[in-house]
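Student: coordinates only, sequence not included:
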């Protein structure tokens with residue numbers, strides 16, 4: 001991973017929330033929130049909350065007596081998340097590093113993380129922090145993307161940009177969001193952090209956008225992929241977006257598009 005893979009700043013948070021969230025994150029937020037609700041926690045810590053799509057899904061399923069602390073390393077993402085969440089008693093937003101959580105041991109019944117573990121520079125340490133703040137027998141719920149070939153829209157965008165920049169292809173999507181998909185490795189790292197009763201489900205859902213252009217803007221301008229494109233040539237961001245939109249239209253047709261997405265959903269006991 002390179003440093004810019006974790007940079008969600010400038011206009012990225014707004015585009016991410018407006019286009020990326022409904023495209024790929026909202027369906028899995030509902031899935032994860034449903035799993036969390038089944039264990040009826042009294043307190044939930046969310047790490048890597050982003051713009052709050054999972055936070056909103058959890059808050060909608062749990063009573064206001066349940067304490068929810070939503071954290072992220074990127075303050076601009078949290079700032080936007082706070083504006084998107086209706087007022088709710090017991091919900092707090094806090095900037096925090098998932099690898100150095102500012103909470104006491106054995107504080108939360110559930111720790112949740114939606115598509116954040118791929119960004120951890122040291123996953124065993126991140127998992128160890130989640131386990132440290134869990135109450136005995138508490139549950140850690142998180143998800144990660146499967147390999148990029150199992151996620152059709154991201155795969156098309158990556159191949160298109162590789163052709164556009166053949167000498168130095170922007171590989172953020174394959175490298176980081178879709179780079180941590182080995183289930184045996186995930187199990188091993190969770191076990192190394194002290195987790196037991198590890199359950200992994202591979203969940204296929206659909207990624208839908210109103211147009212190929214919306215999907216192209218989401219990926220090329222609403223994620224750190226934008227940083228990679230602009231690092232190669234700042235003047236070509238729109239060219240790259242248009243190329244991705246054309247490739248998506250060629251693959252999925254004009255008008256609304258619909259592609260397969262797959263993620264691994266993991267639950268482990270602390």
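Tutor: Received, thanks. What you are looking at is a predicted structure, and each value in this text was computed from that prediction instead of being measured. Numbers count the residues shown, from 1 in each chain.

Student: what sits closest to residue 136 if chain neighbours are left out?
Tutor: residue 106 (6.6 Å; C-beta to C-beta, 6 or more residues apart in numbering). Glycine gets a C-beta too; all of them are placed from N, C-alpha and C.

Student: give me the longest helix you can find in this protein.
Tutor: helix 237-252 (DSSP state H).

Student: tell me the gap between that helix and the middle of its chain.
Tutor: In terms of C-alpha atoms, centre = their mean, to the nearest Å, the centre of helix 237-252 is found 23 Å from the chain centre.

Student: now do the buried residues in that helix.
Tutor: When burial is assessed from 16 or more other C-beta atoms under 10 Å, helix 237-252 yields the following buried residues: 240-241, 243-245, 247-249, 251-252.

Student: and what of stretch 178-185?
Tutor: Buried residues in stretch 178-185, counted by 16+ other C-beta under 10 Å: 178-181.

Student: closest one of those residues to residue 207?
Tutor: Nearest to residue 207, judged by C-beta to C-beta, of these is residue 178 at 13.0 Å.

Student: give me the most central residue, the protein.
Tutor: The geometric centre of the chain, computed from its C-alpha atoms, lies nearest to residue 115 (C-alpha atoms, centre = their mean), at 2.9 Å.

Student: who are the neighbours in contact with it?
Tutor: Shown in contact with residue 115 (C-beta atoms under 8 Å, 6 or more residues apart in numbering): 25, 28, 48, 50, 143-145, 177, 263.

Student: neighbours around the residue nearest to residue 91 when sequence neighbours are not counted, how many?
Tutor: Excluding the flanking residues, the one nearest residue 91 by C-beta to C-beta, 6+ apart is residue 68, at 4.7 Å. Neighbours of residue 68 under the rule other C-beta atoms under 10 Å: 24.

Student: report pLDDT for residue 68.
Tutor: pLDDT, residue 68: 98.

Student: SS state for it?
Tutor: strand (DSSP: H, G, I helix; E, B strand; the rest coil).

Student: test my guess that it contacts residue 90.
Tutor: Yes - with contact defined as C-beta atoms under 8 Å, residue 68 counts as touching residue 90 (6.3 Å).

Student: common neighbours of these two, please.
Tutor: Joint contacts of residue 68 and residue 90 (C-beta under 8 Å, 6+ apart) do not exist.

Student: please enumerate the helices of the chain.
Tutor: Ranges of helices in the chain, per DSSP H, are 12-15, 26-38, 53-61, 75-84, 123-133, 152-164, 172-175, 183-192, 212-221, 225-232, 237-252.

Student: give me the low-pLDDT residue ranges for the protein?
Tutor: Scanning the chain for pLDDT under 70 picks out 1-11.

Student: which residue of it sits farthest from its center?
Tutor: residue 167 (28.8 Å).

Student: how close does it get to residue 243?
Tutor: Look at residue 167 and residue 243: by C-beta to C-beta, to the nearest Å, they are 16 Å apart.

Student: partners of residue 264 in the sheet?
Tutor: residue 144, residue 202 (DSSP bridges).

Student: residue 181 is in contact with that one, correct?
Tutor: Yes - between residue 264 and residue 181 there is a contact at 6.8 Å, judged by C-beta under 8 Å.

Student: right, I'll call it a day here.
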